[in-house]
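Asker: here is a sequence together with a model predicted from it:
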Amino acid sequence: MTMTIQENFGERHLTIYLPEGYEESTDRYPVIYMQDNADLIDPEGSDSLSIIRTLTAKGELPAFLFVGIKPFDRNDEYTPFVSTNVFESGEKKFGGQAAQYAAYLANELKPYIDSCYRTLPDSEHTGIMGFSFGGLISVYTALLYPDVFGKIGSFSGSFWFPGIVDWVDQQPARNHEQRIFMNVGHGEGAGRTNGQQWMVPNNLAIHEILLSKGFTEQTAKQIVYESDSHSFEKGVQYLPEALKWLYVSK
């Protein structure tokens with residue numbers, strides 16, 4: 001039986017999925033930090049958690065401890081720069097608080113989780129993932145803290161966001177043995193005129209930049225799948241495959 005814990009760390013709400021057998025064992029586990037309160041594995045949104053548990057039981061995946069982090073305001077915390085909010089009319093902007101949020105994850109939340117649960121705390125066993133803006137902030141955080149987060153998952157990451165391609169391009173070349181899995185639907189953003197038309201081109205550009213910065217096809221994988229829209233349902237189907245590639249394949 002999978003144990004799910006709801007708790008608060010300061011004012012932040014967390015949903016923690018313990019691996020099966022956690023209470024009966026003394027093992028330590030890899031941890032994956034998930035944006036949007038771990039919507040990628042929420043049983044109400046998909047069957048991805050059930051599939052992952054089945055693969056773990058078969059020995060095809062390690063057992064994971066998942067930490068879902070509920071945002072205060074994802075349009076502020078998940079965006080790297082202040083920018084016009086394309087989702088709302090009026091004066092409201094994207095808040096550009098990603099640097100503060102990334103520092104919180106690396107310097108406050110992770111030490112807390114490592115102190116409270118039996119984790120494998122090194123970067124090789126520490127992942128960070130999300131969908132849409134959650135994918136954007138996961139890649140952004142991992143590039144800022146490469147010695148903390150070694151496994152990264154971006155599912156339909158919102159790299160249409162203004163300035164993010166240039167920001168990634170300005171990051172130094174690296175050899176931190178990180179692995180990054182990215183996916184995007186082939187038709188995402190098509191027909192848009194608010195900036196989101198750059199969804200697919202910018203995802204492809206980010207991958208190419210990563211390859212130029214020291215990543216290889218063995219450490220940065222990108223999948224473009226058939227989808228005419230920004231579909232959580234289609235993007236999340238790749239989570240088990242992403243975990244296999246990130247944690248099992250060489």
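Answerer: Here it is on my side, so go on.
Asker: can you give me the strands for the chain?
Answerer: 3-9, 12-18, 31-34, 65-69, 82-84, 93-95, 126-131, 151-155, 179-185, 220-225 (DSSP state E).
Asker: which residues are in contact with the longest helix anywhere in the chain?
Answerer: Determined from DSSP state H, the single longest helix within the chain is helix 199-212. By CB atoms under 8 Å, 6 or more residues apart in numbering, the residues outside helix 199-212 that reach it are 139, 156-160, 164-165, 168-169, 180, 182, 184-190, 192, 217, 220, 222, 224, 230. (C-beta placed from N, C-alpha, C; glycine too.)
Asker: now list the buried members of the residues you listed.
Answerer: The neighbour count (16 or more other CB atoms under 10 Å) marks 139, 156-160, 164-165, 168, 180, 182, 184-185, 187-189, 220, 222, 224, 230 as buried among these.
Asker: ok, back up a step: tabulate the strands of the chain (JSON lines), appending mean pLDDT and distance to residue 54.
Answerer: Output for those, formatted as JSON lines (pLDDT from 0 to 100; distance: least, CB to CB, whole Å):
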{"stretch": "strand 3-9", "mean pLDDT": "96", "distance to residue 54": "17"}
{"stretch": "strand 12-18", "mean pLDDT": "98", "distance to residue 54": "15"}
{"stretch": "strand 31-34", "mean pLDDT": "98", "distance to residue 54": "17"}
{"stretch": "strand 65-69", "mean pLDDT": "98", "distance to residue 54": "15"}
{"stretch": "strand 82-84", "mean pLDDT": "92", "distance to residue 54": "41"}
{"stretch": "strand 93-95", "mean pLDDT": "93", "distance to residue 54": "38"}
{"stretch": "strand 126-131", "mean pLDDT": "98", "distance to residue 54": "19"}
{"stretch": "strand 151-155", "mean pLDDT": "98", "distance to residue 54": "19"}
{"stretch": "strand 179-185", "mean pLDDT": "97", "distance to residue 54": "20"}
{"stretch": "strand 220-225", "mean pLDDT": "97", "distance to residue 54": "22"}
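Asker: quick one: closest of those to residue 213.
Answerer: Between residue 213 and the strands of the chain, the tightest spacing by CB to CB is seen for strand 220-225, at 9.2 Å.
Asker: now do the closest one against strand 151-155, angle only.
Answerer: If you take axes from the mean of the first three to the mean of the last three CA atoms, to 10 degrees, strand 220-225 sits at 20 degrees to strand 151-155.
Asker: can you give me the helices in this structure?
Answerer: Taking DSSP H as the test, the helices found in the chain are 48-57, 74-77, 98-104, 110-116, 133-144, 164-170, 199-212, 232-236, 239-247.
Asker: compare those helices and give me the one nearest residue 125.
Answerer: For the helices of the chain, proximity to residue 125 was assessed by CB to CB; helix 239-247 is nearest, at 8.5 Å.
Asker: for the closest one, buried residues please.
Answerer: For helix 239-247, a neighbour-count test (16+ other CB under 10 Å) marks 239-240, 242-243, 245-247 as buried.
Asker: what is the nearest of the residues you listed to residue 75?
Answerer: For the buried residues of helix 239-247, the nearest to residue 75 is residue 239 (23.6 Å; CB to CB).
Asker: gap between the closest one and residue 189?
Answerer: Computed as CB to CB, to the nearest Å, the residue 239 to residue 189 distance reads 22 Å.
Asker: I appreciate the help and will end here.
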